[in-house]
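1. Give the three-dimensional model of this entry:
(chains A, B and C)
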Amino acid sequence: MSHALTAKLNPQQAAAVELPAEHALILAGAGSGKTSVLTSRIAWLLSTGQISPSGLLAVTFTNKSAKEMLSRITAMLPLNPRGLWVGTFHGLCNRMLRLHHRDAGLPEAFAILDQAEQLSAIKRVLKLLTLDDDQYPPRTVQQYINGHKENGRRAADVEAWDDYSRQLKLAYEEYEKQCNREGVADFSELLLRCYELLSYKPEIRAHYQQRFAHILVDEFQDTNRLQYAWLKLLAGQNSAIFAVGDDDQSIYAFRGANVGNMIDFQSDFLVKHVIRLEQNYRSHGNILDAANAVISHNTQRLGKELWTQASAGELIRVYEASSDFEEAQFIVEEAQALIRDGMAASEIAILYRSNAQSRIIEHALFSAGVAYRVYGGLRFFERQEIKHALAYLRLMANPSDDNALLRVINFPTRGIGARSVEAMVEKARLEGCSLWQAACMGAAGRGAAALGKFVSIIDAMRNQIAGLAMTDVVRVMLELSGLLAHYQKDKDGEERVANLEELVNAAATFISEDENNLIAFLSHASLEAGDHQAGEHEEALQLMTVHAAKGLEFNAVFLSGLEEGLFPHENSSKDQASVEEERRLMYVAITRARQRLYLTLAQSRMLHGQTRYGVASRFLDEIPQVLLKYLNRGYAPSSYSSAAPSSFNAAATAKPVAAPKKSTPEHGLAIGCKVEHPKFGLGVVTDHEGGATGNVQVNFAQHGSKWLAVAYAKLKVV
DNA sequence: TGGTGACCAATTTTT
DNA sequence: TTGGTCACCA
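-> Residues are numbered from 1 along each chain as shown, chains lettered A, B, ... in the order given. Sure thing, here's the model as predicted:
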C-alpha cells in the first residue's frame, strides 16, 4: 500500500510522506506538489494503520482547500468525511466550541458574526459610548479589536497609556460585553475562545492532545500568532505536527500572518525533519528562473530554489504600453490571439496588483466581445436579501441576537422608524435586557402597534418551525417575514427572489450532508460565504488580483501594471519588510504561469482621476535580461500594433495577425452605440458589466434606462 | 423614509 | 475617476 501511495512521488515528496511520527516542516515551493504530499501523508498514515481517522486533524485556511483535501483523501480511501477533523481553523474551532459550548461560556445557539456584522456591532458600541466617528473610525476600532484578539489579548490584557488608547480599550471591553450578552462570536473570537477553552480546561485539552496524534497544517506561512498558539496547545506529548508552507509565498502579513511562525516552530518544537520540495511541476524553466531571480533579492528567507525537468520554454514577454488604455488593448488582442490558436480562455489569467486596475481591462474586453470573469465581489451569503433572510433565521435561533434584530425589525418596512428603535434600545439598556425582550414589553405611543406586529411575526415563525425540516423552516421564514413578497413586488427584485429560492435549495442540500439543524446551517452560512461569483466553470478569461491568484495556475498569465507605485505599491515601498512582501507577491504572480508569461506596464496611467507617469517596476529589473523578450523595444509606440501578437505555438514564427479591430465588438454593444430592442425600441448602450455573458445598460428613448442580459435580450445594433 | 447632492479617500482579504 | 458615507429634504 505504502508503495502505491509513494510511487508517483519524487524522492523528497516520498520522504515527507513517510516521515516518522515526529514534528516536521515541509518547505513546499510553488507548484511542487504540496497538496499531493499532504493528502498522501494522510492516506499513508491511515492505510498503514498508524492512526485511525479520529486521530487526525488537518487544518487549512480556506474552505476551498479543505474541501479539496477532503475529496482527495476520500478518493484514496473509503472514509466517512464527516468523521474526519479536516477543515479551516475557524471551522474546526467552531466545531470544538459547539461541542463544549458550556465550558467555553457560550450559549448553545451562539451566532457567528462575519466582518460586516462585526462592524455594525462595533458601530453600536461606539454609539453607546458616544465616541466620535472621526476620532474613532469603526474600521480602525475593528482592526484594533481583531489585532488584539489575534495576539491572544482580551480587553483586560490591553495596556492603555493615554486617553486615546484608554477609549479604545473601553470600546473593546464594551464590545466584549455586548457580544457575550447577545451570544455572538466574531471570527477571531472563534479562535481565541477555542484557545482559551483548551488552556483553561486541562481535561478537555488532555482529551484532544491524546486524540490527535497527527496534526497537519497547510499554508503554514499564513498562520497568525493565535493560530500558532492554538496549534501549540493542541499538540500534546505524543502528537506530531506536519507543517507545510512556503515562506516565499507569504503575502498576508497585512492581515496578521506571521512568517516568523515557521522559525519559531522549528525551535519551539525541536523540529528534526525539514524537507524542501523544490522540484516544480508547473512552469517552464525560464519562468522559474525569473521567479528565482526575483525572490533571491529578499534577505529574510529560509532558502529554496525551484527547478524543473521541463524545458526552458519561451522567453517572458515584456510589453511597455504608452498608456493604461493601450496596455489593456494589447492584453486583449494578445489574449484573443491565444484563444484563436486554441488555448482555452479559462487557461488565461490577467493579473493585477489592485482591483482598480480591472476596470480598464474589463472595458477593453467588453468592447472586443471577449468573455471574462472577475474574481472578487459579492458572494452568495453576502447578498443583501440573503443577509436579511439569515437575520430572521438567527433571530429565531437566538432572540437575544440584537444585531439580527436591528437588521430586520423594519425590513420589509413595517412602520418601525428610527425613533421607535431608539426608544427600544434605550429601554433595553435601562433594563439590561436584549432588544427582543424590550420589544416584547411593548412600546408607548404610536409605535406600539407596529412593534407588536413584529413581535407576533417572530413568535409565529418560532411556533411554526418546530419539527420542520430546514427547507421548510426557510420557506416559513420567507413567507411570514414578508421578505419574499417584498422582493416579488419590487420591479428589480427578480434576481433577489431567485437568490432567496436558492437559499431554500441551499437549506435542502445542507440537510443531506449534515444534521437537520438550524444552528448548524447558520454556522455554515457564516463560515462559508459561498462562491465568489456564479459561472465559475464557464469558458472565460480569468481576471483577478495577484493575491486571489495564489494557489491557482494557468497556461498563460498576463501580469499588468508593472510600475513603481503600483507594484510594488507605493504604500509598501517605504520599508524593507513591506518591499519584501511585495516581492513575494511578484514571486507568486510569476509562478502562476505554466507556459507563457507576459509582463506589461504603461508609461501613463489614470489614477485617482489624474494621469500619472510611472517608472518601470524594480521587479522588472530584477529579472535577468536574457529571460526577457521585449515585444516593443524602443518603445513609445503610438499604437501597439507595431508588435504583432505572437502565436502561442512557440516554435512557429509569429504568424501575421489581422489588423487590430478598433472598437468593433463582436456583439456590437460598445458603450455609446445605438441599439434596437423588439419591445423597448431604440436606445443607446450606456454601461456594461460581466463581459460578453453579462449585462448591458441601455437608455431607451421611450422606456428609460434598463439593464439587460446580453445573451437574452434581442438587441440589434442600428 | 427614501432619495439626492456634497464631500472625501483611494492596496492586498479569508474566515 | 470612482465609490462610499452622510447630512438634509420632500
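2. got the contact list for whichever residue of the stretch 201-350 of chain A sits closest to DNA strand C?
-> Proximity of the stretch 201-350 of chain A to DNA strand C (Cβ to the nearest atom of the strand) peaks at residue A:324, 11.5 Å away. Every C-beta, even on glycine, is put in place using the N, C-alpha and C of the backbone. Going by Cβ atoms under 8 Å, 6 or more residues apart in numbering, residue A:324 touches A:357, A:360, A:561, A:602, A:604, A:605, A:606.
3. Now with 7 Å, please.
-> A:360, A:602, A:605, A:606 (Cβ atoms under 7 Å, 6 or more residues apart in numbering).
4. nearest to DNA strand C, of those?
-> Using Cβ to the nearest atom of the strand, residue A:606 comes nearest to DNA strand C of those, at 6.0 Å.
5. neighbours of the closest one, just the number please.
-> 15 (other Cβ atoms under 10 Å).
6. Just want the phi and psi numbers for it.
-> phi -80, psi 120 (degrees, to the nearest 10).
7. Next, work out how far apart the closest residue to residue A:133 other than its chain neighbours and residue A:428 are.
-> The shortest distance from residue A:133 to any residue other than its chain neighbours is 7.1 Å, reached at residue A:126 (Cβ to Cβ, 6 or more residues apart in numbering). Distance, residue A:126 to residue A:428, by Cβ to Cβ, to the nearest Å: 17 Å.
8. what does residue A:113 give?
-> Distance check for residue A:113 against residue A:428: by Cβ to Cβ, it reads 19 Å.
9. These two - which one has more neighbours?
-> Between residue A:113 and residue A:428, residue A:113 has the larger neighbour count (other Cβ under 10 Å), namely 24 against 21.
10. And the pLDDT at residue A:215?
-> pLDDT recorded at residue A:215 is 98.
11. Contacts only, for the residue nearest to residue A:133.
-> Residues counted as contacts of residue A:126 (Cβ under 7 Å, 6+ apart) are A:136, A:138, A:141, A:171.
12. can you count the residues close to residue A:490?
-> Residue A:490 has 13 nearby residues by other Cβ under 10 Å.
13. Quick check on it: phi, psi?
-> Dihedral pair for residue A:490: phi -70, psi 130, per degrees, to the nearest 10.
14. how near is it to DNA strand B?
-> Per Cβ to the nearest atom of the strand, to the nearest Å, residue A:490 is found 10 Å from DNA strand B.
15. Quick one: name the residues of the stretch 201-350 of chain A near DNA strand B.
-> Within the stretch 201-350 of chain A, the positions near DNA strand B by Cβ under 7 Å from any atom of the strand are A:251, A:252, A:254, A:255.
16. among these, who's most crowded?
-> Counting neighbours by other Cβ under 10 Å, residue A:251 comes out on top of these with 22 neighbours.
17. measure the nearest residue to it once chain neighbours are set aside to residue A:250 for me?
-> Leaving aside its sequence neighbours, residue A:251 sits nearest to residue A:585 (Cβ to Cβ, 6+ apart; 5.0 Å). Distance from residue A:585 to residue A:250, counting by Cβ to Cβ: 10 Å.
18. list the buried ones in stretch A:225-242?
-> Residues A:225-236, A:239-242 are the ones in stretch A:225-242 that count as buried (16 or more other Cβ atoms under 10 Å).
19. Phi first, then psi, for residue A:612.
-> Per-residue torsions, residue A:612: phi -120, psi 140 (degrees, to the nearest 10).
20. ok so, going back, so how far is DNA strand B from the residue of the stretch 201-350 of chain A closest to DNA strand C?
-> When distance is defined by Cβ to the nearest atom of the strand, residue A:324 is 15 Å away from DNA strand B.
21. before we move on, what about residue A:613?
-> Relative to DNA strand B, and taking Cβ to the nearest atom of the strand, residue A:613 is found at 18 Å.
22. Around DNA strand C, which positions in chain A sit nearby?
-> Contact residues (Cβ under 7 Å from any atom of the strand) of chain A with DNA strand C: A:133, A:359, A:606, A:608, A:609.
23. will you turn these into CSV that also has secondary structure?
-> Output for the residues of chain A next to DNA strand C, formatted as CSV (DSSP: H, G, I helix; E, B strand; the rest coil):
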residue, secondary structure
A:133, coil
A:359, helix
A:606, strand
A:608, coil
A:609, coil
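24. bridging residues for the nearest residue to residue A:10 once chain neighbours are set aside?
-> Nearest non-adjacent residue to residue A:10, counting by Cβ to Cβ, 6+ apart: residue A:279, 5.6 Å away. On the basis of DSSP bridges, residue A:279 is bridged to residue A:307.
25. since we're on residue A:279, how many residues are nearby?
-> When neighbours are counted by other Cβ under 10 Å, residue A:279 comes out with 17.
26. Same question for residue A:54.
-> Neighbours of residue A:54 (other Cβ under 10 Å): 12.
27. list the contacts for it?
-> Shown in contact with residue A:54 (Cβ under 7 Å, 6+ apart): A:83, A:211.
28. ok, and the closest non-adjacent residue to residue A:243?
-> The shortest distance from residue A:243 to any non-neighbouring residue, by Cβ to Cβ, 6+ apart, is to residue A:220 (4.2 Å).
29. The nearest residue to residue A:698 once chain neighbours are set aside: which element?
-> Spatially, and ignoring its direct neighbours in sequence, residue A:698 is nearest to residue A:683 (4.2 Å; Cβ to Cβ, 6+ apart). Assigned by DSSP states H and E, residue A:683 belongs to strand A:681-689.
30. and if you look at residue A:503?
-> If you go by DSSP H and E, residue A:503 is part of helix A:494-513.
31. I'd like to check what contacts that helix. Which residues are they?
-> Under Cβ under 7 Å, 6+ apart, the answer for helix A:494-513 is A:383, A:385-386, A:389, A:469-471, A:474-475, A:478, A:483-484, A:487-488, A:521, A:524.
32. list the helices and strands the next helix or strand along the chain from that helix packs on?
-> Using DSSP H and E, the helix or strand that follows helix A:494-513 in sequence is helix A:518-527. Judged by 3 or more Cβ pairs under 7 Å, 6 or more residues apart in numbering; DSSP states H and E, the packing partners of helix A:518-527 are helix A:89-99, strand A:111-113, helix A:384-397, helix A:470-481, helix A:494-513.
33. how about the first one as CSV, C-alpha atoms only?
-> This file holds the C-alpha atoms of helix A:89-99, laid out as CSV (Å, rounded to 0.1, in the frame of the first residue of the first chain):
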residue,chain,number,x,y,z
PHE,A,89,-9.0,27.0,11.5
HIS,A,90,-12.4,28.7,12.0
GLY,A,91,-14.4,25.7,11.1
LEU,A,92,-12.6,23.4,13.5
CYS,A,93,-12.7,25.9,16.3
ASN,A,94,-16.4,26.3,15.7
ARG,A,95,-16.8,22.5,15.9
MET,A,96,-14.9,22.3,19.1
LEU,A,97,-16.8,25.2,20.6
ARG,A,98,-20.2,23.7,19.7
LEU,A,99,-19.2,20.5,21.4
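34. quick one: buried residues of it?
-> For helix A:89-99, burial by neighbour count (16+ other Cβ under 10 Å) applies to A:89, A:90, A:91, A:92, A:93, A:94, A:96, A:97, A:98.
35. What of stretch A:464-476?
-> Quick answer for stretch A:464-476 (16+ other Cβ under 10 Å): A:464, A:465, A:470, A:471, A:473, A:474, A:475, A:476.
36. Could you export these as TSV, including pLDDT and distance to residue A:156?
-> Listed next are the buried residues of stretch A:464-476 as TSV, based on pLDDT from 0 to 100; distance: Cβ to Cβ, whole Å:
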residue	pLDDT	distance to residue A:156
A:464	92	43
A:465	89	39
A:470	90	39
A:471	91	44
A:473	93	39
A:474	95	40
A:475	95	45
A:476	95	43
